[in-house]
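Undergrad: got a predicted structure plus its sequence, pasted below:
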Amino acid sequence: MYSNKKIYQVTYPIFLTLIAQNIVNVTDTAFLGRVSEVALGASAIGGVFYIAIYFVGFGFSQGAQILIARRNGEKKYAEIGPIFNNALIFNFLIATLIFMLSVLFIPDLMRYLVHSDHIYEASVEFLNWRIYGFFFSFLNVVFRAFFVGITRTRVLTISAVITAATNILLDYLLIFGHFGFPQWGIAGAAIASTAAEATTLIYLIAVTLKQDDKHIFRLFKLNKIDFQTIGKILNLSIFIMFQYFISISTWFMFFIFIERLGERPLAVTNIGRSLYILLMIPGSALSTTVNTLVSNMIGEGHKERVIPFMIKILKIVLLILLPLMVFTFAFPELFARIYTNNPELVAATIPTLRVVSVAMVFCGLGSILFSVISGTGNTKSAFIIEFITLFFYIVYVYYTAVILRTQVEIVWMSEFVYWTIIGLMAYWYLLKGNWRKKEI
């Protein structure tokens with residue numbers, strides 16, 4: 001079994017990466033919270049829509065990551081390059097297709113889904129600029145898959161710092177119009193995020209080209225597209241892609257349903273989302289570590305170590321998250337004031353932040369259990385579990401937000417529904433399932 005030191009070596013850079021990435025999320029929300037509640041709410045809808053599409057590319061890269069980690073564990077280094085090279089080509093083509101569809105259909109789609117004219121106009125303004133980021137983010141995740149798969153995650157820390165620094169600087173200049181720059185408001189936030197992703201891609205290409213052993217992996221050596229390799233990646237990733245897309249699309253519908261409660265509940269929900277994603281970082285970092293180390297472990301021929309390793313990680317995540325939960329539950333106003341200086345909005349946000357603080361413990365445990373399934377290569381089983389869970393999730397959200405039109409914090413309790421069901425199903429599958437027979 002991997003030692004605590006090895007877990008730390010892989011997890012710590014991923015943790016720092018997620019911290020830096022979420023500085024972007026916090027900064028965008030905090031800046032727009034000082035523009036208007038409409039901008040804050042519209043950025044939630046536009047941002048989650050973008051993330052839903054982004055996770056199509058991310059899902060494909062996860063299939064590549066599982067394969068890269070398995071070949072790395074088997075010490076078949078020359079087979080890693082073809083996986084990486086073809087994943088880059090495929091994700092670029094998918095990004096191009098999605099960009100073209102977005103240009104054609106986003107205005108009509110948003111008009112159909114969003115009730116408030118102000119929210120509609122602001123969300124379309126945001127997405128008109130944000131969709132250019134697909135070209136950069138879809139390639140960035142392939143580089144991420146490579147470095148996580150070979151367990152060299154320190155590079156990702158630097159790339160995340162570059163992303164965060166670029167985004168914060170451009171947010172400050174373009175949202176508020178400082179130092180002679182135009183005051184673009186919500187459009188400025190979208191431009192800043194897209195430019196940050198482009199800057200990060202330039203860095204990742206440069207650092208990969210400078211790798212001393214890049215010839216061992218056969219990186220950037222592509223004579224023609226290898227459809228067989230893409231097929232192997234898709235065989236693993238197609239269910240991850242559907243899983244992520246359906247999952248985030250369901251979350252997008254969560255925001256659409258909240259929008260029907262009014263502009264303030266939507267603003268509250270965006271603040272809750274921002275803090276929730278921030279609190280999820282320790283669990284997300286450990287779940288990524290679990291995914292790649294489980295795949296490496298199986299590649300090394302040690303399937304019997306998977307369950308004890310999972311239990312060890314569950315104990316670690318609880319040790320980290322419980323003190324964090326107590327602190328955020330006790331002082332929600334402290335966090336609310338990061339995002340807005342409006343006293344009424346701060347007061348309205350506090351109940352939701354308390355729900356979020358407890359939900360992130362359920363999230364940490366559930367995401368670890370679920371990531372073990374992906375690490376074993378059983379992505380079809382993971383998709384089925386996710387699909388069943390999302391059915392109960394969206395029913396709860398629709399009933400509380402649209403039928404009952406209840407308070408925002410009650411709707412947010414859907415996170416307990418989601419993570420409890422997915423965690424229990426994943427745990428049952430890992431104890432009883434046939435994942436030990438899976439070959440990839």
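TA: Ah, there it is. Numbering: from 1, shown residues only.
Undergrad: please count neighbours and contacts with C-alpha atoms only from this point.
TA: Will do.
Undergrad: pLDDT weak spots in this protein?
TA: With pLDDT under 70 as the threshold, the chain has low-confidence stretches at 1-2, 4, 12-13, 17, 20-21, 213-214, 433-440.
Undergrad: what about the longest helix in it?
TA: Ranked by residue count under DSSP state H, the longest helix found in the chain is helix 37-73.
Undergrad: how far off centre is it?
TA: Counting by C-alpha atoms, centre = their mean, to the nearest Å, helix 37-73 is centred 5 Å from the centre of its parent chain.
Undergrad: who are the packing partners of that helix?
TA: For helix 37-73, the packing partners by 3 or more C-alpha pairs under 8 Å, 6 or more residues apart in numbering; DSSP states H and E come out as helix 4-33, helix 80-113, helix 117-130, helix 134-149, helix 227-259, helix 263-279, helix 281-299.
Undergrad: list the buried residues for the first one?
TA: For helix 4-33, burial by neighbour count (16 or more other C-alpha atoms under 10 Å) applies to 9-33.
Undergrad: again, but for the longest one
TA: Applying a neighbour-count criterion of 16+ other C-alpha under 10 Å, one finds 80-92, 95, 98-99, 102, 106-107, 110 buried in helix 80-113.
Undergrad: likewise stretch 402-421?
TA: Of the residues in stretch 402-421, those buried by neighbour count under the rule 16+ other C-alpha under 10 Å are 402, 405, 407-421.
Undergrad: and stretch 160-176, by the same measure?
TA: Buried residues in stretch 160-176, defined by neighbour count with 16+ other C-alpha under 10 Å: 160-168, 170-176.
Undergrad: out of these, which one sits closest to Ser137?
TA: Proximity of the buried residues of stretch 160-176 to Ser137 was ranked by C-alpha to C-alpha; the top entry is Thr163 with 11.0 Å.
Undergrad: check which helix or strand covers the closest one.
TA: Taking DSSP states H and E as the definition, Thr163 sits inside helix 154-176.
Undergrad: so what does the very next helix or strand once past that helix touch, helix or strand wise?
TA: Per DSSP H and E, the first helix or strand lying C-terminal to helix 154-176 is helix 186-209. Contacting helix 186-209 under the criterion 3+ C-alpha pairs under 8 Å, 6+ apart are the following elements: helix 4-33, helix 117-130, helix 134-149, helix 154-176.
Undergrad: which helix or strand lies directly C-terminal to helix 186-209?
TA: Note on helix 186-209: by DSSP H and E, the next helix or strand toward the C-terminus is helix 214-217.
Undergrad: quick one: closest of the helices and strands packed on helix 37-73 to Leu353.
TA: Per C-alpha to C-alpha, nearest to Leu353 of those: helix 263-279, 5.8 Å.
Undergrad: need the contact list for the spatially closest residue to Ile7 that is not a sequence neighbour.
TA: Counting by C-alpha to C-alpha, 6 or more residues apart in numbering, Ile7 lies nearest to Thr289, which is 7.1 Å off, once chain neighbours are set aside. For Thr289, the set of contacting residues under the criterion of C-alpha atoms under 8 Å, 6 or more residues apart in numbering consists of Ile7, Val10, Thr11.
Undergrad: swap in Leu430?
TA: Remark: with contacts taken as C-alpha under 8 Å, 6+ apart, Leu430 is in contact with Ile307, Ile373.
Undergrad: which SS state does it fall under?
TA: Assigned state for Leu430: helix (three-state reduction, DSSP: H, G, I helix; E, B strand; the rest coil).
Undergrad: now it: how far from Val361?
TA: Leu430 sits at a distance of 20 Å from Val361 (criterion: C-alpha to C-alpha, to the nearest Å).
Undergrad: count of residues packed around Val397?
TA: 26 (other C-alpha atoms under 10 Å).
Undergrad: so what does the strand or helix carrying it touch, helix or strand wise?
TA: Of the helices and strands defined by DSSP H and E, Val397 is found in helix 379-398. For helix 379-398, the helices and strands in contact under the criterion 3+ C-alpha pairs under 8 Å, 6+ apart are helix 227-259, helix 343-375, helix 414-432.
Undergrad: just give the number of residues close to Ile238.
TA: The criterion is other C-alpha under 10 Å. On that basis, Ile238 has 20 neighbouring residues.
Undergrad: gap between it and Gly57?
TA: As for Ile238, its distance to Gly57 is 10 Å (criterion: C-alpha to C-alpha).
Undergrad: contact partners for the closest residue to Gly423 other than its chain neighbours?
TA: Once its chain neighbours are removed from consideration, Gly423 has its nearest residue in Gly366; the separation is 4.2 Å (C-alpha to C-alpha, 6+ apart). If you count contacts by C-alpha under 8 Å, 6+ apart, Gly366 has them with Trp419, Thr420, Ile422, Gly423, Leu424, Ala426.
Undergrad: go again using 10 Å as the cut-off
TA: 283, 287, 314, 360, 418-427 (C-alpha atoms under 10 Å, 6 or more residues apart in numbering).
Undergrad: and the residue nearest to Ser295 when sequence neighbours are not counted, how many residues sit next to it?
TA: Closest residue to Ser295 in three dimensions, ignoring its sequence neighbours and counting by C-alpha to C-alpha, 6+ apart: Gly375, at 4.9 Å. The burial count assigned to Gly375 is 29, neighbours taken as other C-alpha under 10 Å.
Undergrad: which ones are touching Gly375?
TA: The contact partners of Gly375, by C-alpha under 10 Å, 6+ apart, come to 62-63, 65-67, 69-70, 287-298, 306.
Undergrad: His118: neighbour count?
TA: Going by other C-alpha under 10 Å, the residues that sit close to His118 add up to 14.
Undergrad: swap in Phe331?
TA: The burial count for Phe331: 13, using other C-alpha under 10 Å.
Undergrad: again, but for Phe391
TA: Residues near Phe391, counting by other C-alpha under 10 Å, number 12.
Undergrad: thought it was touching Thr250?
TA: Yes. Using C-alpha atoms under 10 Å as the test, Phe391 is close enough to Thr250 to be in contact (9.2 Å).
Undergrad: neighbours of Ser284, how many?
TA: 23.
Undergrad: should've said Lys315
TA: Applying other C-alpha under 10 Å, we find 11 residues neighbouring Lys315.
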